[in-house]
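Colleague: structure for the following, please:
(3 chains)
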Amino acid sequence: MTDAVHEVPGRASTHPRLTGTVRHVLLIAISFVMIYPILWMLSGSLRPADELFGGDAGLMPSQVTLQAYSDGWFGLQVTFGRFFANSLIIAVLATVGNVLAASLVAFAFARLKFSGQKFWFALMLGTLMLPYHVTLIPQYVMFRSLGWVNTWWPLILPKYFAVDAFFIFLMVQFFRGIPRELDDAARMDGCSPWRIYRKIILPLSMPVLATAAIFSFIWTWEDFFGPLIYISEMSQYTVQLGLRSFIDSSGTSSWNELFAMSLLSLVPIFLIFLFFQRLLIEGIATTGMKR
Amino acid sequence: MATTIQLNKIEKRYEAHIVIPGIDLEIKPGAFTVFVGPSGCGKSTLLRMIAGLESISGGELMIDGVRVNDVAAAKRGIAMVFQSYALYPHMSVYKNLAFGLETAGYKRDEIDRRVRAAAETLQIKDYLPRKPKALSGGQRQRVAIGRSIVRDPKIFLFDEPLSNLDAELRVQMRVEITKLHERLGNTMIYVTHDQVEAMTMADQIVVLRAGQVMQAGSPLELYNAPVDQFVAGFIGSPKMNFVPVQIADATGVLLDGQRIETGQVLEGPVGTPLTMGIRPEHISVSDGTGQAIGEARVELVEHLGVSTVLHARLAVGAETLIVVLPGQQPCRSGDVVSLRTDPGLCHLFAADGRALRN
Amino acid sequence: MAAHNTVATSNARKQVAAGGWLWGAVRRNGAGYLFLAPWLIGFFCLTLGPALVSLYLSFTNYDLLTTPEFVGMQNYVRMATADPKFIASIRVTLLYVALSVPLKLAFALAVAMVLNRGMRGLPFYRAIFYLPSLLGTSVAIAVLWRQLFAADGMVNSLLAQFGVEGPSWISNPNYSLYTLVVLSVWQFGSPMIIFLAGLRQIPVDMYEAASLDGASPARQFFRITLPLLSPVIFFNVVIQTIEAFKAFTPAFIISGGSGGPINSTLFYTLYLYQEAFSYFRMGYASALAWVLVVLIAVFTAFSFLTTKYWVHYDD
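Modeller: Next up, the predicted model:
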């Protein structure tokens, strides 16, 4: 598993002509192009409002000000503080649901024996490919009839029923790698399946639980479609919806404020990226996550 | 005090696939029983069924006269030591030992007392705060045994516990387990594919093959009176020599045209093919006493110091026999020797592998 | 009497056996199904059930307020014959898939090749390249893109420095889709990481042997790297294509939810959203969803069928 990420130093280059410096220059150039837009957004968010928009593709503002941040924060009837709080609560609750439900189900698939196991596992894999649009409308009708439109329930509750098969799959892969004799030993020690799950498998699965939690958090944080459909009242908005309203209400006239708020919306992801980069990359390398 | 285990027609099936077709066996209280057999013979499956880790498809498993087929593993009063030790990697040694007791709801000070006592017995006191990762193979093995001791079980099961150790440690742990058995006096069942382990440790050896008990008995019974060719070949090292012979008369067989007196009455017409089994250590060279087998040419000599092993090809029939001679012999490959044996120590097997006895 | 007795006991025995069988089944499977329960509930109530309902709705007219009215194949017929927006959305989506997936993967593979084999600074580059993927579908990035390619955006001001007057990329139907393709390519990081992991699996001595045999780097690439990497390429193609079919947020933000200008960014999912949640034609939207499933299924099946011609498996 770690094999994919550990660097293997001193191996022969496959491109003898493209060695050393040339390669680094090329890569630095690509890196620069890659992050230039983000830096440009950062610089834009620090510019005063009257600095003409298209005037400058450069990164240095003539004058640095945080005005756009404070103006943007209070730019709508509801402050961005509220949107951030909403997003955070939804993302945390959804993450807990995803990790909890997926780990329970993955435990059943990977460590227990029951009849019909292969059948259900195949079905579960089948739902991986199913686009959510197929269930979208009936789910909407259902949640609407429950009176849950304009609440967070439709965004959170499904996660507690392991609807994202991806996380189940991820955990099944990891759980299968834990030696089976540990379960046998635990059974001899008198453990119920629940205690094996709780005391043996979960503590040994911290890396995969963390990976699942991180991706779950990021995906919920970035989710636009779900909130777009279910949330209409501004006080319930997530950050993504808040940004969208901001575009609609101000257009490009206050682009610096838009940039400021956009950047802020990315801060949690930047932070996670900074601290958990290794887990993210391992997660992708081993399971082939979509993004 | 010690516990009897009785297997009545124990079966194991996976859907249509039969792994164990029905085993009858009684394990006497306090005995050290070894299940031995080649890989895939069902010995581990049988052990796991006794442990309660594997369901029993048919028959009855009785412990002290009580049917325990449907009793959960932990309630059978059994502890098990696994091949890979199966120590919980995220717990300290102390926690590993205490875990089963905690699960069973023991009080803290009782747990502590038992863990320390077991650690004392196995000399692992110093490692209690360590994680299994920080232990050597032998230390892990001790912790695994310690984990089974703390629960004070009626029965100990060992599933090839020494196969991950190097040769030297293996001998040492073999002695320790034997001593442990002597001290505790519990009924123990030990699974191995290594017949040396079986011979050195067992009170009773159960030889399994394809899910069936071929023979059960004391090590010497199995060595001296194997019931069939498989057991004869499995027990003893180097392996017993097998040569084809024919019935010559009422008590003699022909080996490459030479009559050998067997000392037992043979049934069946003259010329019936049989297999003769001669243990390498029962063959002597040149002018020893006993029955002549024939001239043979030495092809390979292994000097082990304590003994000398010859690979010798019979001049007439061309079978290769392995001969173990005591001490250091001045043999060289290319030598021609005449092989002799004591007919009383030879075994005869019918075409179906069954041993012929009087 | 004796006979009667025997029958009674044998019946009783049968009952015990039946009860024992049931109890045994519960004992053997109970724990498994308890742990499986969250998913089972979710599968039936949130996946299978809704999917079947949506299949039914696709044969109805349903506006969310009145009861669905069964109309047979009418929705599908309308799609095929009388809905230019549907045709436009299909065209836009297929074009987007056909452009963005190969470009993104080619770029990902190229960078992975350059990064491969433990060069210094690899973690740094890998992190930088991966970051855009992670920011992925957030609204902020779509906002950024909108401003990059606006008439007075960064791209045009860069071009202006070279004396080129760029068009208004976003509001020009000839270019708008391509800005989204560029956005997709910019997010090549996650397939790149998968490629890197795949490249690691290729033993170095294969290249060494090939070099000794005098194979040129190009030949090594086509004869060693590509064949051995083909399972990973296949995986990436399938996953990225499905994701591209499902793309929504950037088109929504850049076009302000309209799919404009002139339907040039009317992604299939965006059209589906409009039908369902702007016009409340839930029946028609359900039919659209099922067509999407069929599209994805056909594509996936087709990909799997072609594997035997180009995907090389070890065993």
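Colleague: CA atoms for contacts and neighbours, from now on please.
Modeller: Will do.
Colleague: what sits against B:Asp159?
Modeller: By Cα atoms under 8 Å, 6 or more residues apart in numbering or on different chains, B:Asp159 lies in contact with B:Ser44, B:Leu47, B:Met80, B:Val81, B:Phe82, B:Gln83, B:Tyr190, B:Val191, B:Thr192.
Colleague: most neighbours, which of these?
Modeller: When the contacts of B:Asp159 are compared by neighbour count (other Cα atoms under 10 Å in any protein chain shown), B:Met80 ends up highest, at 28 neighbours.
Colleague: give me the domain ranges for the chain.
Modeller: With no chain named, the answer covers chain A. Following automatic domain parsing, chain A resolves into domains at A:10-73, A:80-287.
Colleague: um, chain C though
Modeller: Taken from automatic domain parsing, chain C resolves into C:2-57, C:76-310.
Colleague: list the buried residues for the lowest-mean-pLDDT helix or strand in chain B?
Modeller: Across the helices and strands of chain B, mean pLDDT, DSSP states H and E gives its lowest value to strand B:258-261, namely a mean of 84. Neighbour-count burial for strand B:258-261, counted by 16 or more other Cα atoms under 10 Å in any protein chain shown, picks out B:Arg259, B:Ile260, B:Glu261.
Colleague: ok so, going back, just put the domains of chain A in a markdown table and tack on distance to chain B and mean neighbour count.
Modeller: Converted to a markdown table, the domains of chain A look like this (distance: least, Cα to the nearest Cα, whole Å; neighbours: other Cα atoms under 10 Å in any protein chain shown):
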| stretch | distance to chain B | mean neighbour count |
| --- | --- | --- |
| domain A:10-73 | 30 | 16 |
| domain A:80-287 | 4 | 20 |
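Colleague: of the ones you listed, which shows the lowest average pLDDT?
Modeller: Least confidently modelled of the domains of chain A is domain A:10-73, at a mean of 75 by mean pLDDT.
Colleague: for the residue in the stretch 201-350 of chain B that chain C sits nearest to, grab phi and psi.
Modeller: Here the residue of the stretch 201-350 of chain B nearest chain C is B:Gly211; by Cα to the nearest Cα that distance is 24.0 Å. In terms of degrees, to the nearest 10, the main-chain angles of B:Gly211 are phi 80, psi 10.
Colleague: cool, and C:Asp63?
Modeller: phi -110, psi 10.
Colleague: roughly how far does it sit from A:Ile137?
Modeller: As judged by Cα to Cα, to the nearest Å, C:Asp63 and A:Ile137 stand 11 Å apart.
Colleague: who touches both of those two?
Modeller: What both C:Asp63 and A:Ile137 touch, as defined by Cα under 8 Å, 6+ apart, is the set C:Met282.
Colleague: all helices of chain B, in order?
Modeller: B:43-51, B:93-103, B:108-121, B:137-149, B:167-184, B:195-201, B:219-224, B:229-234 (DSSP state H).
Colleague: want to throw those into JSON lines with distance to chain C and mean pLDDT?
Modeller: Below are the helices of chain B laid out as JSON lines (distance: least, Cα to the nearest Cα, whole Å; pLDDT from 0 to 100):
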{"stretch": "helix B:43-51", "distance to chain C": "15", "mean pLDDT": "93"}
{"stretch": "helix B:93-103", "distance to chain C": "18", "mean pLDDT": "94"}
{"stretch": "helix B:108-121", "distance to chain C": "29", "mean pLDDT": "93"}
{"stretch": "helix B:137-149", "distance to chain C": "26", "mean pLDDT": "91"}
{"stretch": "helix B:167-184", "distance to chain C": "34", "mean pLDDT": "90"}
{"stretch": "helix B:195-201", "distance to chain C": "35", "mean pLDDT": "91"}
{"stretch": "helix B:219-224", "distance to chain C": "39", "mean pLDDT": "93"}
{"stretch": "helix B:229-234", "distance to chain C": "36", "mean pLDDT": "93"}
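Colleague: picking that back up, what's the local residue count around the residue of the stretch 201-350 of chain B closest to chain C?
Modeller: As a burial measure, B:Gly211 scores 21 neighbours (other Cα under 10 Å).
Colleague: again with B:Thr289
Modeller: B:Thr289 has 11 nearby residues by other Cα under 10 Å.
Colleague: then C:Tyr279?
Modeller: 11.
Colleague: still on that earlier bit, helices or strands up against the least confident helix or strand of chain B?
Modeller: Here strand B:258-261 is seen to pack against strand B:252-255, strand B:291-303 when contacts are counted using 3 or more Cα pairs under 8 Å, 6 or more residues apart in numbering or on different chains; DSSP states H and E.
Colleague: could you rerun that using 7 Å?
Modeller: Strand B:258-261 sits against strand B:252-255, with contacts defined as 3 or more Cα pairs under 7 Å, 6 or more residues apart in numbering or on different chains; DSSP states H and E.
Colleague: what's the strand it packs on in contact with?
Modeller: Counting contacts by Cα atoms under 7 Å, 6 or more residues apart in numbering or on different chains, the residues outside strand B:252-255 that touch it are B:Val245, B:Gln246, B:Ile247, B:Ala248, B:Arg259, B:Ile260, B:Glu261, B:Thr262.
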